[in-house]
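A.B. asks: Return a 3D structure for these sequence lines:
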Amino acid sequence: MTRVKLNTDTAPATYQAAKGRRVAQVLAAEEAREQLPRVSPCSDFLLQVHPMRWDVAGKRIVPVPGRFSLVPGVDGVDEDRRGRVVVSSAIANRRDRGWTVIPAEWYEDEDGVGYVQAIPVKGGVAHVTIWDSLYPGSTKVRCDLEGMADWFDKLIAEKKIPAPSVAALEDLVDKLERELSKFLNLQRRDSKYSALAEASAERLEVARTALANHNDSMRPVKRGKRVRKTAE
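C.D. replies: Below you'll find the model as predicted:
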């Protein structure tokens, strides 16, 4: 906190009053800073999704998004002579690795275009999605997972991002089976893990149902005709 030293014995009354106002301003500014969220500052970004990265949120299968940082010099991001961020090459590189980088223009509501918001935090600015809420003086971040999932469902329906494939759902089922096995083993030693085991079982059931209901045309291909080799 900035300290203001007052000489209460010799300072004139007007000077004393001015100093008093200054102290009040300093204290108010300090209090405002203390009320800023304590989330770490972070740079601007775009979301990116991969066809093999999925999870269960509520009762549905949702992508597990990653962050594509818009920082020149990081992961192939560049800048032009005017200092503007250039991402075309970096996005093409990610596309070759299976990722879909989601443009800001794919989200629009009454507040404008884009799904990233910049929020002042202690020490700088944090860039988070519009579904994230930060709390004054706290490190807590709450995400509206249902709202984000609704948007992802819309992008899938519009074929802008891929839907989960059979291979991806099989991987997800395998992962959730291992998760459930872990919590069941922990539950046998301590009942406090019962709730986690129950939640894990529900998540697994959602994934199994999605896999069972998947389009059969996406099932693994049948083996081809055997090729008879003859020795010469």
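A.B. asks: Arg94: how many residues sit nearby?
C.D. replies: Each residue near Arg94 was counted by other CB atoms under 10 Å, and the total is 19. Bear in mind the C-beta positions are built from the backbone N, C-alpha and C, glycine included.
A.B. asks: Domain parsing of this protein, as residue ranges.
C.D. replies: According to the domain assignment given by automatic domain parsing, the chain is divided into the following structural domains: 45-157, 166-218.
A.B. asks: Dump those into CSV; add mean pLDDT and distance to Arg38 as well.
C.D. replies: Below are those laid out as CSV (pLDDT from 0 to 100; distance: least, CB to CB, whole Å):
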stretch, mean pLDDT, distance to Arg38
domain 45-157, 93, 5
domain 166-218, 93, 28
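A.B. asks: want to try a markdown table for those domains, with distance to Val39 as columns?
C.D. replies: Listed next are these as a markdown table, based on distance: least, CB to CB, whole Å:
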| stretch | distance to Val39 |
| --- | --- |
| domain 45-157 | 5 |
| domain 166-218 | 26 |
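A.B. asks: can you map out the strands along the protein?
C.D. replies: Using DSSP state E, the strands of the chain run over residues 45-49, 54-57, 60-63, 66-69, 78-79, 85-86, 100-101, 108-109, 112-113, 116-121, 124-129, 132-134, 141-143.
A.B. asks: which stretch among the ones you listed comes nearest Leu180?
C.D. replies: Comparison of these against Leu180 by CB to CB identifies strand 54-57 as nearest, at 11.8 Å.
A.B. asks: CA atoms of the closest one as CSV?
C.D. replies: Output for strand 54-57, consisting of C-alpha atoms alone and laid out as CSV, is shown next (Å, rounded to 0.1, in the frame of the first residue of the first chain):
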residue,chain,number,x,y,z
TRP,A,54,-13.9,-35.7,-25.9
ASP,A,55,-15.4,-35.9,-22.4
VAL,A,56,-18.8,-36.1,-20.7
ALA,A,57,-20.4,-33.0,-19.3
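A.B. asks: Would you mind pulling the contact partners of that strand?
C.D. replies: With CB atoms under 8 Å, 6 or more residues apart in numbering as the contact definition, strand 54-57 has outside contacts at 61-64, 145-146, 149, 164, 168-169, 172, 176, 203, 206-207.
A.B. asks: so which of those is the most crowded?
C.D. replies: Neighbour tally across the contacts of strand 54-57 (other CB under 10 Å): the maximum, 27 neighbours, falls on Pro63.
A.B. asks: Might one say that Leu176 is in contact with Glu205?
C.D. replies: No. Counting by CB atoms under 8 Å, Leu176 sits too far from Glu205 to count as a contact (9.1 Å).
A.B. asks: now stretch 62-81, how far from the chain's geometric center?
C.D. replies: Its chain's C-alpha centre and that of stretch 62-81 lie 14 Å apart, by CA atoms, centre = their mean, to the nearest Å.
A.B. asks: Name the surrounding residues that touch that stretch.
C.D. replies: Outside of stretch 62-81, the residues within contact range by CB under 8 Å, 6+ apart are 43-50, 53-56, 85-87, 89-91, 93-94, 99, 101-102, 145, 148-149, 152, 161.
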